[in-house]
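> Show me how the following folds:
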Amino acid sequence: MKQKTGATAGHTRTWTLRLDIFERDEDTTAVNAVLDTGDNTLVSRTTAHRNPGDPPVPEIGDEYAAGRALMALGRQLVDAGAADADVNARGAS
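Residues are numbered from 1 along each chain as shown. Sure, this is the predicted structure:
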């Protein structure tokens with residue numbers, strides 16, 4: 001994690017998110033999510049399994065697996081922000 005040195009007015013950043021969705025079989029969808037912030041790369045891998053009583057609809061598995069991957073990336077971002085804030089606060093004392 002890096003110590004930050006203050007905000008810049010009008011600062012704009014572009015982060016790149018890539019979701020690779022794999023239908024492993026009729027019952028399992030896997031997602032590999034990669035977020036590139038320019039400073040860090042975060043990765044999440046998740047799966048979704050069809051309920052045996054439900055008809056096979058691949059889009060539903062895609063949505064569940066992708067949603068889980070994005071939530072995991074969100075947790076990683078919050079954790080990274082908290083760690084960076086802690087380092088920054090210690091550097092300011």
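> okay, which residue is most central for the protein?
residue 73 (2.2 Å; C-alpha atoms, centre = their mean).
> and it, what helix or strand is that in?
helix 58-92 (DSSP states H and E).
> Which positions in that helix come out as buried?
Under the neighbour-count criterion of 16 or more other C-beta atoms under 10 Å, helix 58-92 has 61, 62, 64, 65, 66, 68, 69, 70, 72, 73, 84 buried. Yep, even glycine has a C-beta here, placed from its N, CA and C like the rest.
> is it true that the residue nearest to the centre of the chain touches residue 41?
No. Assessed by C-beta atoms under 8 Å, residue 73 is found out of contact with residue 41, at 10.7 Å.
> what residues are shared contacts of those two?
Shared contacts of residue 73 and residue 41 (C-beta atoms under 8 Å, 6 or more residues apart in numbering): residue 35.
> where in this protein is pLDDT low?
1-7, 93 (pLDDT under 70).
> One more pass at 50, please.
Low-confidence segments of the chain, defined by pLDDT under 50: 1.
> What's the separation between the residue nearest to the centre of the chain and residue 55?
30 Å (C-beta to C-beta, to the nearest Å).
> partners of the residue nearest to residue 20 when sequence neighbours are not counted in the sheet?
Excluding its sequence neighbours, the residue lying closest to residue 20 (C-beta to C-beta, 6 or more residues apart in numbering) is residue 32, at 4.5 Å. Beta bridges link residue 32 to residue 20, residue 45, judged by DSSP bridges.
> ok now do residue 32, which residues does it touch?
19, 20, 22, 43, 44, 45, 69.
> What residues does the second one make contact with?
It refers to residue 20. 31, 32, 33.
> Tabulate those residues (TSV), appending distance to residue 15.
TSV is the format used below for the contacts of residue 20 (distance: C-beta to C-beta, whole Å):
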residue	distance to residue 15
31	18
32	17
33	12
